[in-house]
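In: Pasting the sequence and the predicted coordinates here, then a few questions.
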2 protein chains.
Amino acid sequence: MEWLDQIKWDAQGLVPVIAQEATTGDVLMFAWMTREALALTAREGRAVYYSRSRQRLWFKGEESGHVQQVHELRLDCDRDVVLLKVTQTGHEPGIACHTGRHSCFFQVLKDGQWQAVDPVLKDPESIYK
Amino acid sequence: MEWLDQIKWDAQGLVPVIAQEATTGDVLMFAWMTREALALTAREGRAVYYSRSRQRLWFKGEESGHVQQVHELRLDCDRDVVLLKVTQTGHEPGIACHTGRHSCFFQVLKDGQWQAVDPVLKDPESIYK
């Protein structure tokens, strides 16, 4: 598919991906995709990443049920970063982070320290049974 | 500085960075920082990236005048991605992209093609004189 060929994949065949909540604009998480993951994401309308640690496709929500429904795919000027507009399903409000928080970006630099400022919405132990 | 040590720098000593407009929530761009770039960003309150192509610090706006004022720095759960909340200065509305557009993510996947959907706000030739 031509639109996949137009992406500048890195030396490992990956592209960085930002997931942004469509309604709030919140940046939920950052991950990576292979060509296969991105093709599946576009076809299925749900986020499929590539887990570098587990070295396999990662169907977001496969364990937690916190699936990301994808409304829009965007590409940057250099064609080497993808932005997804998503709905974070499976919990209200949405939980994108494995710590049980809304967003993975819950630590703010304050007084020279990273401080967790966003609440845990659900105990991770009850998310990953 | 301890907060810099807590970041998981990649093998090249870099961390990926997402710049998000504080007022609108728009994701403006994605770039990389070295430890020095991130320390400068926090100290100066303006975005300083590391240009991988030019292999040097890149004071965002150094040529264009389109400086990013930084209001907040956030770190993700894995401590390997930084999110900046910024005001994109130098033009109204803000221009973050070297193509003269508001955001670098101006291409949307539609009908199996990447289509540029956001307007050029200023001719790049008049930005980079």
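Out: Received, thanks.

In: Mind telling me what element the residue lying closest to residue A:51 once chain neighbours are set aside is part of?
Out: Leaving aside its chain neighbours, residue A:51 sits nearest to residue A:58 (4.1 Å; criterion: Cβ to Cβ, 6 or more residues apart in numbering or on different chains). Quick note: C-beta positions are derived from backbone N, CA and C, even for glycine. According to DSSP states H and E, residue A:58 maps onto strand A:56-59.

In: And the helices in chain A?
Out: Counting by DSSP state H, chain A has these helices, from start to end: A:2-5, A:35-44, A:124-127.

In: buried stuff in the second one?
Out: Going back to what we said before, that points to helix A:35-44. Residues of helix A:35-44 classed as buried: A:35, A:37, A:38, A:40, A:41, A:42 (neighbour count, 16 or more other Cβ atoms under 10 Å in any protein chain shown).

In: sorry, back to before: thought the residue nearest to residue A:51 was touching residue A:49?
Out: Yes: with contact defined as Cβ atoms under 8 Å, residue A:58 and residue A:49 form a contacting pair (4.6 Å).

In: Residue numbers of chain A in contact with chain B?
Out: A:1-3, A:6, A:16, A:18, A:20, A:24-27, A:29-30, A:42, A:72-79, A:81, A:83, A:97-99, A:101, A:104-109, A:112-114 (Cβ under 8 Å from any Cβ of the partner chain).

In: Which of those fall within strands?
Out: In this view, those that belong to strands under DSSP state E are A:16, A:18, A:20, A:27, A:29-30, A:72-75, A:83, A:107-109, A:113-114.

In: residues near the residue in chain A that chain B sits nearest to, how many?
Out: Closest residue of chain A to chain B, Cβ to the nearest Cβ: residue A:25 (2.6 Å). Residue A:25 has 14 neighbours, counted by other Cβ atoms under 10 Å in any protein chain shown.

In: Now do the contacts for it.
Out: By Cβ atoms under 8 Å, 6 or more residues apart in numbering or on different chains, residue A:25 lies in contact with B:20, B:24, B:25, B:26.

In: residues in contact with the last one?
Out: Residue B:26 makes contact with A:25, B:20, B:102, B:103 under the criterion Cβ under 8 Å, 6+ apart.
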